[in-house]
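Undergrad: Build me a structure from this.
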Amino acid sequence: MAERGVIVDHSTLHRWLIRLVPLLDKAFRRHKRSVGRRWRMDETGIKVKGQWKYLYRAVDNTANLKW
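TA: Numbers count the residues shown, from 1 in each chain. From the prediction side, this is the model:
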């Protein structure tokens with residue numbers, strides 16, 4: 001904000017965060033998808049520039065890729 005010529009004290013930012021974080025948390029939780037209880041890990045070996053690398057990923061019970 002200093003780049004735009006506005007000087008804001010750190011205590012003001014702290015008060016804004018105290019007020020806004022619960023609102024943002026509520027909004028994000030509304031859009032959060034539930035995840036299953038079971039996860040499956042998949043490990044694959046691939047060769048990159050002559051060296052073997054391992055690729056890991058997690059899949060839930062509906063086969064949605066997580067990483």
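
Undergrad: Low-confidence regions, this structure specifically.
TA: 35-36, 62-67 (pLDDT under 70).

Undergrad: can you give me the helices for it?
TA: Using DSSP state H, the helices found in the chain span residues 10-31.

Undergrad: got the contact list for the residue lying closest to residue 56 once chain neighbours are set aside?
TA: Once flanking residues are discounted, residue 56 sits nearest to residue 43: 5.5 Å by CB to CB, 6 or more residues apart in numbering. Bear in mind the C-beta positions are built from the backbone N, C-alpha and C, glycine included. By CB atoms under 8 Å, 6 or more residues apart in numbering, residue 43 lies in contact with 54, 55, 56.

Undergrad: burial measure for residue 59, as a count.
TA: Close neighbours of residue 59, defined as other CB atoms under 10 Å, add up to 16.

Undergrad: so who does the residue nearest to it when sequence neighbours are not counted touch?
TA: Sequence neighbours aside, residue 40 is the residue nearest to residue 59 in space, at 4.8 Å (criterion: CB to CB, 6+ apart). Residues in contact with residue 40 (CB under 8 Å, 6+ apart) are 58, 59, 60, 61.

Undergrad: If any of those are buried, put those into a PyMOL selection.
TA: A single PyMOL command selects the buried members of the contacts of residue 40 (16 or more other CB atoms under 10 Å):
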select buried, resi 59+60
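
Undergrad: mind listing which of the contacts of residue 40 are in strands?
TA: Cross-referencing the contacts of residue 40 against strands under DSSP state E gives 58, 59, 60.
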